[in-house]
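Engineer: I would like the atomic coordinates for the input below:
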Amino acid sequence: MNAFPRPPLDGLKRQLRETRSRSEATRDAFLRQTYTLPREAARVKAREWFELYPKAAYWTSVESWRLLPGDEVEFTMRRLPSAD
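Structural biologist: Alright, predicted model coming up:
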């Protein structure tokens, strides 16, 4: 038998939601774009990013990638919004 009632957690739940939404919005300064393309098209798209946004200025990179069935690649490109 539990002698103490459970405290209401509404305030804590609200605070967690607000903190998570703020932290996701300000996670970092990088812009990201995720693509799912056939292997050759994925290579072309990644090269486009590196040509448009040089790595030295924008810190452009392939953040993550995975092979999917049908010789498709899902990948996320990442870069800074400006070269300042």
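Engineer: Just checking the distance from the biggest helix by length in the chain to the centre of its chain.
Structural biologist: Longest helix in the chain by number of residues (criterion: DSSP state H): helix 10-25. Distance of helix 10-25 from its chain centroid, counting by C-alpha atoms, centre = their mean, to the nearest Å, is 19 Å.
Engineer: Report all helices and strands that the next helix-or-strand element following it contacts.
Structural biologist: Toward the C-terminal end, the helix or strand that comes next after helix 10-25 (DSSP states H and E) is strand 31-38. Where contact means 3 or more C-beta pairs under 8 Å, 6 or more residues apart in numbering; DSSP states H and E, strand 31-38 is packed against helix 39-52, strand 72-79. Every C-beta, even on glycine, is put in place using the N, C-alpha and C of the backbone.
Engineer: Dump strand 31-38 to PDB, restricted to CA.
Structural biologist: Extracted in PDB, the C-alpha atoms of strand 31-38 (Å, rounded to 0.1, in the frame of the first residue of the first chain):
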ATOM      1  CA  LEU A  31      22.200  23.700 -42.300                       C
ATOM      2  CA  ARG A  32      21.300  20.100 -43.200                       C
ATOM      3  CA  GLN A  33      19.600  18.500 -46.200                       C
ATOM      4  CA  THR A  34      18.800  14.800 -46.400                       C
ATOM      5  CA  TYR A  35      18.500  13.000 -49.800                       C
ATOM      6  CA  THR A  36      17.500   9.600 -51.000                       C
ATOM      7  CA  LEU A  37      18.900   9.000 -54.400                       C
ATOM      8  CA  PRO A  38      20.300   6.200 -56.600                       C
END
